[in-house]
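J.: Build the 3D model from these lines:
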Amino acid sequence: MSSVLAIFLQELPGPVLILGIFLPVTLLLLLLIAYFRIKLMAVEEQLAQMSGHQNKFGSSPHKRMRQR
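T.: Alright, predicted model coming up:
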């Protein structure tokens, strides 16, 4: 089985390997990282807003525990 893979890799040109496999996979991973970073920033913003609302109505239980 490994000999079949070795022959396949010998016959496959380098540019096809780079442009056809590595570049699309790299771009997909970078796109996923950017997507999850945007989602994380949105969640952090919502948490900050919720924290602001809690402070508006009184101290949160977490802050009361830290003050002790």
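J.: Point to the residue nearest the middle of the chain.
T.: Ile33 (3.4 Å; CA atoms, centre = their mean).
J.: element containing it?
T.: Using DSSP states H and E, Ile33 maps to helix 23-57.
J.: Can you spell out which helices and strands pack onto that helix?
T.: On a contact count with 3 or more CB pairs under 8 Å, 6 or more residues apart in numbering; DSSP states H and E, helix 23-57 meets no helix or strand. (C-beta placed from N, C-alpha, C; glycine too.)
J.: change the start of the numbering to 8 and stick with it
T.: Done: numbering now begins at 8, and the last item shifts to helix 30-64.
J.: How much space separates Leu39 from Ile45?
T.: For Leu39, the distance to Ile45 equals 11 Å [CB to CB, to the nearest Å].
J.: Kindly report the same for Leu35.
T.: 16 Å.
J.: With Pro31 instead?
T.: The spacing between Pro31 and Ile45, counted by CB to CB, is 21 Å.
J.: ok, now Leu12?
T.: Distance of Leu12 to Ile45, computed by CB to CB: 39 Å.
J.: and what of Met57?
T.: With CB to CB as the criterion, Met57 and Ile45 are 19 Å apart.
J.: now stretch 32-51, how far from the centre of its chain.
T.: 4 Å (CA atoms, centre = their mean, to the nearest Å).
J.: Rounded mean pLDDT for it, please.
T.: Stretch 32-51 shows a mean pLDDT of 97.
J.: Check stretch 59-75 too.
T.: 60.
J.: got it, and stretch 16-23?
T.: The pLDDT scores in stretch 16-23 average 82.
J.: So for it, what gets flagged as buried?
T.: Within stretch 16-23, no residue counts as buried by 16 or more other CB atoms under 10 Å.
J.: Show me what that stretch is in contact with.
T.: For stretch 16-23, there are no external contacting residues (CB atoms under 8 Å, 6 or more residues apart in numbering).
J.: now that stretch, how far from the chain's geometric center?
T.: Here stretch 16-23 is found 31 Å from its chain centre; the criterion is CA atoms, centre = their mean.
J.: For it, list the C-alpha coordinates in PDB.
T.: Extracted in PDB, the C-alpha atoms of stretch 16-23 (Å, rounded to 0.1, in the frame of the first residue of the first chain):
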ATOM      1  CA  LEU A  16       3.400  11.300  -4.800                       C
ATOM      2  CA  GLN A  17       6.200  10.900  -7.300                       C
ATOM      3  CA  GLU A  18       3.800  11.400 -10.200                       C
ATOM      4  CA  LEU A  19       2.000  14.400  -8.600                       C
ATOM      5  CA  PRO A  20       3.500  17.700  -9.600                       C
ATOM      6  CA  GLY A  21       4.500  20.000  -6.700                       C
ATOM      7  CA  PRO A  22       2.400  23.000  -7.800                       C
ATOM      8  CA  VAL A  23      -0.700  20.800  -8.000                       C
END
